[in-house]
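Q: pasting a predicted model and its sequence here:
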Amino acid sequence: MSDDQERPGDPEVPGWAREPYDDGDELPFDEEEQGRGHAVVPARETLPERIYLLPIHNRPFFPAQVQPLVINRERWEETMRRVGKTPHHVVGLAFVGETAVEELGHEHFPEVGTAVKVHKLQGEEQQIQFIAQGLQRFRIRRWLSKTPPYLVEVSYPREPVDAEDDEARAYAMALINGIKELLPINPLYGEELKHYLNRFSPHEPGPLTDFAAAITSAKGHLLQDVLATLPVVTRMQKVLPLLHKEIDVAQLQSEISEQVNAQMQERQREFFLREQLKVIQRELGISKDDRENDVDTFRERLEGLTVPPRVLTRIEEELDKLSVLETGSPEYGTTRNYLDWLTSMPWGVHSADNLDLPHARAILDRDHDGLKDVKERVIEFLAEGTFKGDVGGSILLLVGPPGVGKTSVGRSIAEALGRQFYRFSVGGMRDEAEIKGHRRTYIGAMPGKLVQALKEVEVENPVIMLDEIDKLGQSFQGDPASALLEVLDPEQNVDFLDHYLDVRLDLSRVLFVCTANTLDSIPPALLDRMEQIRLAGYIAEEKLAIARHHLWPKLLKRDRIPKKRINLTEAALKQVIEGYAREAGVRQLEKQLHRIVRKAAVKLLENGQQSVRVSVNNLEAFLGAPLFRKERVLQGEGVVTGLAWTAMGGATLPIEAGKVHALDRGFKLTGKLGEVMQESANIAYSYVLGHLNEFGADADFFDSAFVHLHVPEGATPKDGPSAGVTMTTALLSLAKHRAIGRSLAMTGELTLTGQVLPVGGIREKIIAARRSDIFEVILPEANRRDFDELPDFLKEGMTVHFAGRYPDVARVVFG
């Protein structure tokens, strides 16, 4: 090392090193040296033995490289000042990977790095920039300063290579060919490769290998391994795969670029051709722009329609506005959507009604077994329309338990009339805008469901079904039930106003058919506007016909199973109805039949059988144990069978009364009874207590008796007034110590004076009695008319007693 070289402990520092330099000023390197630009590599003897170190993070620096570097001014300024006042201007670059600057220590520096010559050193506000010219590898021998500025003592190892060795020349030629192959593929390397490739030859394999490694995008640790490898042949063996990988990546990138460019060129070509075609067609008068096309489309839609004058005026105003708006403006899109809805309405378009009664009866009989009273009611409705000339403006309400065919009846009505059918469910609807639409000022505004229905069916007189109208919701967004008041009022819906269209629509020709399971949750004002038709449910004979004619064929057809391969006997089908599907509708029955089909299909495939026979004997193998057993009518002292109505249909309701002890007087109720039913029980207890003498019972019986009245199936909530007569009879049976010795059921509300008041659900209750093989019932006198209106097949074989006061009931029960 020369005497004038700076040592870490030298106290004398030149003045320029102590004075800060302005941004953009160059450090005072030798002017002659700066003027040379890329200096020639000095001879090996001139390289210093002690050099300062700078860490680099992205990738190692190779001796064959010349490129600018940027470093942090605050951290490395002192290092560069000291390098600048050395005569050789050499600094060592060492790859430290992703080690953070704050955590960097001397132990993170690798043993091998690259000595570079510093040119064009310039300082900026936050950083220092210079051009680094790679000179030669160095190996750290000893650390002289382990803190910044880092100073080390180094050696410059020789690179053992025989330039005339055939293997070295072969590798060198492979590297040159790889670089030449990379040149036309990746234009980023073009100028650099052209400039430097001419400087290398197979006789200089070392610099050639370093240059080939430097132009690859390999990871830092792989390149550091190449830098640390001194034998040139071994180094070339490591570089050549990296170069080939770079060529593959470049080729793939080139292919992707070609595909993207081809697609872009094709789209640009199509765009230019279309624009040219539009200009040519416009010049020839055979084409119009988008705005004119929209206006013409809307005007064409209005041809042949009978548009009300007020609506036509609104459309013309909107068309005039559309013709002056720019197609790219938001207002244009809003106006266009509005005109699209306005011109899509079937103004004045009606379908002809088919009021042929035999045709309507044939459609109803084809689609439904049973429901004779419902069919007759529909036929009466159509017959009225025959004389009136129109059935529009009517609102029908089909009420019944789930699965009895309310929706399908509405569909059959539409088919019988020859009208379009549109159905939407209002169950759970909470926003009145679903009925009357949103105002156009809102983003994403849409018309209401009724306007959407008219647009879809394309006529003004369809059949629109409002399903589940008893399950309408209500929220802060409005009350849909109140919005329906205008829709379902024949006096108001002739001028129905949708908030989106903001013009009057005539809904008076629409036939509305609503469905509900119960009437309790329907607002009275809405219920008053509808004509009710009750679907009470099916008895076993009707279910048998429905299953045989509709459900079973539909399931086999849906699963594409030939009818002859699954044989379901009549007795087995009856057992399915009685033991597994006793609800009022047929939905559960269909599910059980579907289970049979699935299990039969497994047997056909696994066992290789040609057919499967389902009979009463093997039915449990398909469906398991029956869900319902034959209802045994409870009999005994204080036990009476009542009749009840539920949303699922009718049911028998046994009531038991028993004397617990004679220590004191008391009355206890169990069976999860509602408030109304508890009141009925208290009324029955008071009535019997006050009239024991009249019915021949011990007048002192209840003075010392603690009586317990229970309604079985205690987990099921029960409520309603129709069990008053039954409870009174159970208490009287207990007081008279007489049991009812026959199958007898009763229903009716009892007052405190003994009046028997009418109840609802007579049809369902009669069906429930027949299902339990009870053919003698007691009904309120006021329900005589309801019983007389029942179909003959329900009244057949029934013995019915009508009671106006409770003594009439007592005479029938006790004689």
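A: Arrived safely.

Q: going forward, measure contacts and count neighbours with C-alpha atoms only.
A: Fine.

Q: can you name the next helix or strand after whichever strand or helix holds I655?
A: Under the criterion of DSSP states H and E, I655 resides in strand 649-661. Once strand 649-661 ends, the next helix or strand along the chain (criterion: DSSP H and E) is strand 666-670.

Q: ok, that following strand: who's next to it in the sheet?
A: The partner list of strand 666-670 in its sheet, established with DSSP bridges, is strand 706-710 (parallel).

Q: okay, the angle between the strand it pairs with and strand 649-661?
A: Angle, strand 706-710 to strand 649-661, by axes from the mean of the first three to the mean of the last three C-alpha atoms, to 10 degrees: 160 degrees.

Q: what does strand 706-710 contact?
A: Residues outside strand 706-710 that contact it (C-alpha atoms under 8 Å, 6 or more residues apart in numbering): 655-671.

Q: what is the mean pLDDT for it?
A: Strand 706-710 carries an average pLDDT of 92.

Q: immediately after that strand, which helix or strand?
A: helix 724-736.

Q: what is the burial count for N517?
A: Other residues lying near N517 total 21 when counted by other C-alpha atoms under 10 Å.

Q: go on, Y687?
A: Counted with other C-alpha under 10 Å, Y687 comes out at 20.

Q: for it, give me the pLDDT.
A: 92.

Q: cool, R598 as well?
A: 91.

Q: ok, it to E590 distance?
A: Using C-alpha to C-alpha, to the nearest Å, R598 is found at 12 Å from E590.

Q: so which of these two has more stuff around it?
A: A count of neighbours by other C-alpha under 10 Å puts E590 above the other of R598 and E590, at 20 against 14.

Q: my guess is the more buried one meets P553, correct?
A: No. Using C-alpha atoms under 8 Å, E590 is not in contact with P553; the gap is 11.0 Å.

Q: may I have stretch 408-428 exported as PDB, CA atoms only?
A: C-alpha atoms of stretch 408-428 as PDB (Å, rounded to 0.1, in the frame of the first residue of the first chain):
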ATOM      1  CA  SER A 408    -102.200 -24.900  -9.400                       C
ATOM      2  CA  VAL A 409    -105.900 -23.900  -9.300                       C
ATOM      3  CA  GLY A 410    -104.900 -20.300 -10.200                       C
ATOM      4  CA  ARG A 411    -102.900 -21.600 -13.100                       C
ATOM      5  CA  SER A 412    -105.800 -23.700 -14.300                       C
ATOM      6  CA  ILE A 413    -108.100 -20.700 -14.100                       C
ATOM      7  CA  ALA A 414    -105.700 -18.800 -16.400                       C
ATOM      8  CA  GLU A 415    -105.500 -21.800 -18.800                       C
ATOM      9  CA  ALA A 416    -109.300 -22.200 -18.900                       C
ATOM     10  CA  LEU A 417    -109.700 -18.500 -19.700                       C
ATOM     11  CA  GLY A 418    -107.000 -18.600 -22.300                       C
ATOM     12  CA  ARG A 419    -105.100 -15.800 -20.500                       C
ATOM     13  CA  GLN A 420    -101.400 -15.300 -19.800                       C
ATOM     14  CA  PHE A 421    -100.400 -16.300 -16.200                       C
ATOM     15  CA  TYR A 422     -97.900 -14.400 -14.000                       C
ATOM     16  CA  ARG A 423     -97.100 -15.400 -10.400                       C
ATOM     17  CA  PHE A 424     -95.000 -13.700  -7.800                       C
ATOM     18  CA  SER A 425     -94.900 -14.300  -4.100                       C
ATOM     19  CA  VAL A 426     -95.500 -11.400  -1.700                       C
ATOM     20  CA  GLY A 427     -94.500 -13.500   1.400                       C
ATOM     21  CA  GLY A 428     -92.000 -11.600   3.500                       C
END
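
Q: what does that stretch rub up against?
A: Defining contact as C-alpha under 8 Å, 6+ apart, one finds that stretch 408-428 is touched by 351-355, 359-360, 363-364, 367-368, 378, 449, 453, 457, 459, 461-473, 513.

Q: swap in 6 Å and give it another go.
A: Identification of contacts with stretch 408-428 by C-alpha atoms under 6 Å, 6 or more residues apart in numbering yields 353-354, 360, 462-469, 471-473.

Q: just those residues: which are in helices?
A: A360 (DSSP state H).

Q: helix or strand: which one has T114?
A: Per DSSP H and E, T114 falls inside strand 112-123.

Q: got a list of what L731 touches?
A: A657.

Q: what do you get if the cut-off is 10 Å, keeping everything else the same?
A: Contacts of L731 were listed using C-alpha atoms under 10 Å, 6 or more residues apart in numbering, and they are 637-640, 655-659, 681, 684-685, 687-689, 702, 707-709, 737.

Q: do E283 as well
A: L277.

Q: which of the contacts of stretch 408-428 sit farthest apart?
A: Spanning the widest gap among those are N354 and G473, at 36.2 Å by C-alpha to C-alpha.

Q: thinking again about what came up before, select only the buried ones of the contacts of L731 in ChimeraX?
A: Per 16 or more other C-alpha atoms under 10 Å, the buried members of the contacts of L731 correspond to this ChimeraX selection:
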select :637,638,639,640,655,656,657,658,659,681,684,685,687,688,689,702,707,708,709
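
Q: the closest residue to R50 other than its chain neighbours - how many residues pack around it?
A: Excluding the flanking residues, the one nearest R50 by C-alpha to C-alpha, 6 or more residues apart in numbering is E153, at 4.5 Å. Neighbourhood size, E153 [other C-alpha under 10 Å]: 17.

Q: assumed E153 was part of a strand.
A: Yes. Judged by DSSP: H, G, I helix; E, B strand; the rest coil, E153 forms part of a strand.

Q: ok, now how distant is it from I140?
A: Taken as C-alpha to C-alpha, the span from E153 to I140 is 6 Å.

Q: so what's in contact with these two at the same time?
A: With C-alpha under 10 Å, 6+ apart as the test, E153 and I140 both reach E49, R50, I51.

Q: distance check, the second one against K219.
A: For R50, the distance to K219 (C-alpha to C-alpha) stands at 29 Å.

Q: before we move on, what about T569?
A: Distance from T569 to K219, by C-alpha to C-alpha: 78 Å.

Q: same check, this time on R274
A: 48 Å.

Q: for the chain, longest strand please?
A: Looking across the chain with DSSP state E, the single longest strand is strand 127-145.

Q: show me what it is packed against.
A: In terms of contacts (3 or more C-alpha pairs under 10 Å, 6 or more residues apart in numbering; DSSP states H and E), strand 127-145 is packed against strand 50-56, strand 66-72, helix 73-84, strand 90-95, strand 112-123, strand 151-155, helix 220-228.

Q: can you state the direction angle for it and strand 112-123?
A: Put simply, strand 127-145 runs at 140 degrees to strand 112-123, going by the same axes, to 10 degrees.

Q: rounded mean pLDDT for stretch 565-576, please.
A: On average, stretch 565-576 scores 89.

Q: straight-line length of it, end to end?
A: The first-to-last residue distance of stretch 565-576 comes to 19 Å (C-alpha to C-alpha).

Q: how about residues contacting that stretch?
A: With C-alpha under 10 Å, 6+ apart, stretch 565-576 has contacts from 540-541, 543-544, 547-548, 552, 556, 577-582, 589, 592-593, 596-597, 600-601, 604, 609-620, 623, 626-628.

Q: just the buried ones from those residues?
A: Buried among those (16+ other C-alpha under 10 Å): 540, 543-544, 547, 552, 556, 577-578, 580-582, 589, 592-593, 596-597, 600-601, 604, 611-612, 614-615, 619, 623.

Q: quick one: which of the residues you listed sit in helices?
A: 540, 543-544, 552, 556, 577-578, 580, 589, 592-593, 596-597, 600-601, 604, 619, 623.
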